[in-house]
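Peer 1: Everything below, folded, please.
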Amino acid sequence: MFDASFDDRQSGLSALDRRWLWAIRIVAVVAVGGVLAASADAQLPGLPVLQNAWATPGMVGALDVGGGPDGSVYAAAVSWTPINGHFQVSGGGGFRSRTGVRSAGAYGMRAAVPFGGASSAFGFAAFAGIGGGSGGTTHTVCNVTATATMPPGCAPEPPPGTGFIVDSTASGFEVPVGVGIGWRHAIGVGGHGVAVYATPSYVFFSGGSKTNGVVRASLAADAGITPSLGATLGVELGGSRAKGLGGPSGVLYGLGVSYAFGRR
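Peer 2: Numbering: from 1, shown residues only. Now for the predicted structure:
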């Protein structure tokens, strides 16, 4: 990082050299904004699909919490990007608690390829991932006698003395494919910056009695707290699946804190 206190007038540089030096400084500040917005994106069921348009070289770890109408997710993720920043791979796992279904583990993996310039203010990236989790099923069993009152959730009324399953939730896996489109801005030269981005995607779901896909979209913001520490907040909305098929049924939210390992 360039020292903002450097005085060009004492350096003996020509006017042209000074202009080039300031251009390099500006590029460095914008690049720092991308480092600050580091995140460890992975496809975890129950969390929004968030994909920034840039990738931070090196390894980034993150702690995430989120969920929606169907329950909550607590997870950790890690990503790795080579020094040239041409691609990013990430993975994560955690614990998912769903309404009416026993809590279980969840996992996700993703690969992304950024296409914007390393120092550009605008960029986009393409990605694909896969996520899933341990199976869990909840049954509402109705066993009605001739004189019993119909228990909640039992409809239509079964013959007296019979038992049957009213509700069950199946788990499967999900495969999102989409793009991340973003804008970033560095704030000062002390390791602060912001990035905002949208993530439209098509998510293929397998689980329950059928397989199908839905179109979803996310909006998110990354904030650089220090050159290594960042925070992410995002929401996802769009198409839904029935709860019994294991898909999203409303708006998902996510909050994450990330740390870029190594000297910055």
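
Peer 1: Can you list the strands that the helix or strand where Val113 lies pairs with?
Peer 2: Secondary structure assignment for Val113, by DSSP states H and E: strand 101-114. For strand 101-114, the paired strands and their directions (DSSP bridges) are strand 88-98 (antiparallel), strand 122-133 (antiparallel).

Peer 1: close enough to count as contact, Ala111 and Val89?
Peer 2: Yes - Ala111 is within contact range of Val89, at 5.2 Å (criterion: C-beta atoms under 8 Å). No exception for glycine: its C-beta is placed from N, CA and C like everyone else's.

Peer 1: what ranges of the stretch 151-264 of the chain fall below the confidence cut-off?
Peer 2: Across the stretch 151-264 of the chain, residues meeting the criterion (pLDDT under 70) sit at 151-171, 189-191, 208-209, 244, 263-264.

Peer 1: Kindly recompute the last result at 90.
Peer 2: When residues are selected by pLDDT under 90, those of the stretch 151-264 of the chain lie in 151-173, 185-193, 205-212, 224-228, 240-250, 262-264.

Peer 1: And the strands in it?
Peer 2: 163-165, 173-187, 192-207, 210-224, 229-238, 252-260 (DSSP state E, counting those that start in this stretch).

Peer 1: Of all those, which one is nearest Trp80?
Peer 2: strand 252-260 (11.1 Å; C-beta to C-beta).

Peer 1: how does the chain divide into domains?
Peer 2: 8-134+170-260, 136-169 (automatic domain parsing).

Peer 1: ok, back up a step: reformat the strands paired with strand 101-114 as CSV; add mean neighbour count.
Peer 2: CSV is the format used below for the strands paired with strand 101-114 (neighbours: other C-beta atoms under 10 Å):
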stretch, mean neighbour count
strand 88-98, 21
strand 122-133, 20
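
Peer 1: mind giving me CSV with these and columns for mean pLDDT and distance to Ala223?
Peer 2: Shown next, in CSV, are the strands paired with strand 101-114 (pLDDT from 0 to 100; distance: least, C-beta to C-beta, whole Å):
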stretch, mean pLDDT, distance to Ala223
strand 88-98, 91, 19
strand 122-133, 92, 17
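
Peer 1: In JSON lines: those strands, plus distance to Ala106.
Peer 2: Converted to JSON lines, those look like this (distance: least, C-beta to C-beta, whole Å):
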{"stretch": "strand 88-98", "distance to Ala106": "4"}
{"stretch": "strand 122-133", "distance to Ala106": "4"}
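
Peer 1: Which one of those lies nearest to Thr226?
Peer 2: Taking C-beta to C-beta, strand 88-98 is the member of the strands paired with strand 101-114 nearest to Thr226, at 20.9 Å.

Peer 1: Mind checking the strands paired with strand 101-114 for the one nearest to Tyr74?
Peer 2: The nearest among these, by C-beta to C-beta, is strand 88-98 at 5.1 Å.

Peer 1: what sits up against that closest one?
Peer 2: Residues from elsewhere that reach strand 88-98, judged by C-beta atoms under 8 Å, 6 or more residues apart in numbering: 40-42, 44-46, 55, 62, 64, 67, 70-81, 103-114, 133, 136, 169.
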